[in-house]
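Q: coordinates for the following, if possible.
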Amino acid sequence: MRRRTPKPMKIETVQRWVASVILFHVGSVPAITLAVYSIGVAEKEYGRGVGLWVMSGVIGVLTAAGILAIFQRSLKSLWLVVGLLPTVVTGFYVL
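A: Now for the predicted structure:
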């Protein structure tokens, strides 16, 4: 059997992937936490719950935009919708 030799990977590619994974974790944890927490807050204080819910969407979109910027992609992309997923899912419970 022939063994395949792996192609060498550029250090810039590895750095981009590591930075994007870190940014994804740092951005998605607060976005999901705020989205879920806004459900409970909206039951007692509707205005504060909606405020937290909107902030989760803002953080999610900024996280997705940051990842697109790391990979030098256009910010006019449908991938920004992925940043709104926690907000959209919890929107049924908040509104």
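
Q: from the contact counts, what lies against the helix or strand of the chain with the lowest mean pLDDT?
A: Least confident helix or strand of the chain, by mean pLDDT, DSSP states H and E, is helix 85-94 with a mean of 91. Applying 3 or more C-beta pairs under 8 Å, 6 or more residues apart in numbering; DSSP states H and E, one finds that helix 85-94 makes contact with helix 11-44, helix 46-70. Using the backbone N, CA and C atoms, a C-beta is placed for each residue, glycine as well.

Q: most neighbours per residue, which of the ones you listed?
A: Per residue and on average, the most neighbours among the helices and strands packed on helix 85-94 fall to helix 46-70, with a mean of 18 (mean count of other C-beta atoms under 10 Å).

Q: elements contacting that helix?
A: Other helices and strands packing on helix 46-70, by 3+ C-beta pairs under 8 Å, 6+ apart, are helix 11-44, helix 85-94.

Q: as a whole number, average confidence for the longest one?
A: Okay, so that is helix 11-44. What helix 11-44 shows for mean pLDDT is 94.

Q: how far does that helix sit from its chain's centre?
A: Centre-to-centre, helix 11-44 and its host chain are 5 Å apart (C-alpha atoms, centre = their mean, to the nearest Å).

Q: orientation of it relative to helix 85-94 in degrees?
A: Inter-element angle recorded for helix 11-44 and helix 85-94: 10 degrees (by axes from the mean of the first three to the mean of the last three C-alpha atoms, to 10 degrees).
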